[in-house]
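Asker: no sequence for this one, just the structure:
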């Protein structure tokens with residue numbers, strides 16, 4: 001049986017450098033039949049113009065993620081549409097694992113796990129979503145994919161930066177709701193799927209790394225610049241899904257949560273005392289706007305998609321290669337690694353410093369994954385703060401741990 005054709009939609013606004021890295025990671029995907037659709041502002045489209053002929057580019061200069069994703073759906077030729085944010089890096093095995101559950105015709109959607117900017121700690125794993133826009137963690141026994149059926153008022157949460165849905169289902173539902181310009185757009189979709197009794201697969205090993213990058217709405221340290229979109233989207237969500245719930249109480253609870261979040265930033269000196277009140281006022285203004293925002297019926301997306309545009313004529317198949325270096329050797333080793341990526345390999349360069357600093361993961365513009373940290377320092381969340389290691393043993397141990405996501409080292 002031929003593999004399912006997949007369209008990967010990336011929405012970008014104001015982050016051209018991040019978008020370039022996102023596409024570099026997507027170019028290393030091991031799924032044999034996928035296309036990439038970039039929906040971006042002029043700056044973003046210019047940044048990836050060198051991919052012309054290999055990706056589909058759609059212009060969108062309106063700050064509305066629901067609208068932008070719908071433009072991507074309309075341009076998608078694959079039977080499955082996957083979504084990732086422009087500030088996320090997909091592991092090479094991401095797409096192949098994310099879409100594998102769709103072999104079961106009952107599965108309508110799938111979501112994977114999201115790691116934070118360090119490369120290891122999780123931001124989000126399996127969660128359930130409810131009609132009041134709250135979520136609850138779902139404990140899983142292991143890393144085996146599970147299929148869960150939603151029901152009215154209780155959805156299976158997928159993250160907008162790591163999810164996939166059958167195109168036919170998405171189009172029939174009208175895609176994402178443009179009333180959500182920034183926040184809760186995918187949760188709303190989860191709830192609508194749940195109301196239909198749709199099945200969603202949770203795929204723990206379909207993983208992306210989600211960075212904390214500055215944007216018009218937040219700084220790189222996660223300090224919000226404005227809370228109006230959060231307030232507006234919450235008000236819209238409650239109007240859509242929480243007719244039997246005390247919406248005022250839920251909004252007040254969220255306001256208190258946002259206040260606690262701001263006080264935490266204030267405690268660490270990231271904002272000034274006056275910023276707390278100003279940002280909470282923006283939340284209140286957003287709630288007022290969301291309560292009066294027009295909520296239209298979502299029309300099906302019936303655009304005939306263009307021809308499928310695969311990112312590669314032949315997908316890269318080179319095995320995972322692991323290189324290690326002391327920091328004073330790193331530049332030379334990176335020079336050796338870049339041509340291997342161009343030849344179709346997944347390459348990780350492990351740079352070990354002679355100390356106990358915490359490890360971090362990043363993707364070099366050349367496509368080389370770089371893990372750097374102390375020889376004795378922690379990498380994964382459960383690692384001790386200091387461990388007794390020799391260079392060769394530590395390098396081998398990290399290679400074995402990364403093999404789950406990037407493949408066994410050749």
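Answerer: Happy to help now that I have it. This is a predicted model, so every value here is computed, not measured. Residues are numbered from 1 along each chain as shown.

Asker: Any chance you could list what contacts stretch 187-195?
Answerer: Counting by C-beta atoms under 8 Å, 6 or more residues apart in numbering, stretch 187-195 makes contact with 108-109, 129, 131, 133, 135, 150-158, 165, 169, 173, 176-177, 180, 200, 237, 240-241, all of which sit outside it. The C-beta positions use only the backbone N, C-alpha and C, and glycine is treated the same way.

Asker: ignore the last one, stretch 176-185
Answerer: Stretch 176-185 is touched from outside by 63-67, 69-70, 73, 133, 160, 186, 188-189, 217, 229-230, 232-234, 236-237, 240, 293-296, 298, with contacts defined as C-beta under 8 Å, 6+ apart.

Asker: can you give me the end-to-end distance of that stretch?
Answerer: According to C-alpha to C-alpha, to the nearest Å, stretch 176-185 extends 6 Å from its N-terminal end residue to its C-terminal end residue.

Asker: before we move on, back to that, I'd like to know which of the contacts of stretch 187-195 are part of helices.
Answerer: Of those, the ones assigned to helices by DSSP state H are 169, 173, 237, 240-241.

Asker: Of those, which is the most crowded?
Answerer: For those, the largest number of neighbours (other C-beta atoms under 10 Å) sits with residue 237, at 26 neighbours.

Asker: ok, that residue - contacts?
Answerer: Applying C-beta under 8 Å, 6+ apart, one finds that residue 237 lies in contact with 133, 180, 184, 187-188.

Asker: what's the farthest-apart pair in those?
Answerer: Between all members of these, the longest pairwise span (C-beta to C-beta) is found for 133 and 180 and amounts to 10.9 Å.

Asker: Describe which strands the longest strand seen in the chain pairs with in its sheet and in which direction.
Answerer: Ranked by residue count, the top strand of the chain under DSSP state E comes out as strand 199-210. Looking at strand 199-210 with DSSP bridges, its paired strands and their directions are strand 88-90 (antiparallel), strand 107-115 (parallel), strand 146-149 (antiparallel).

Asker: Where do the domain boundaries of the protein fall?
Answerer: Here the chain is described, according to automatic domain parsing, as comprising the domains 6-210, 228-292, 320-406.

Asker: ok, and the closest non-adjacent residue to the spatially most central residue of the chain?
Answerer: Most central residue of the chain, judged by C-alpha distance to the mean C-alpha position with C-alpha atoms, centre = their mean, is residue 161 at 2.3 Å. Here the nearest residue to residue 161 in space, its sequence neighbours aside, is residue 85; by C-beta to C-beta, 6 or more residues apart in numbering that works out to 3.9 Å.

Asker: Roughly how far does that neighbour sit from residue 3?
Answerer: When distance is defined by C-beta to C-beta, to the nearest Å, residue 85 is 25 Å away from residue 3.

Asker: the more surrounded of those two?
Answerer: Residue environment comparison for residue 85 versus residue 3 gives the larger neighbour count to residue 85, 23 against 14, counting by other C-beta under 10 Å.

Asker: Quick check on the more buried one: phi, psi?
Answerer: phi -80, psi 160 (degrees, to the nearest 10).

Asker: just residue 126 next, same as before
Answerer: The phi/psi pair for residue 126 (degrees, to the nearest 10) is phi -80, psi 130.

Asker: List the buried residues for stretch 351-361?
Answerer: Judged by neighbour count using 16 or more other C-beta atoms under 10 Å, the buried positions of stretch 351-361 are 351-353, 356, 359, 361.

Asker: Residues in contact with that stretch: which ones?
Answerer: For stretch 351-361, the surrounding residues in contact (C-beta under 8 Å, 6+ apart) are 118-120, 209, 324-327, 330, 369-379, 385-386, 391, 394-395.
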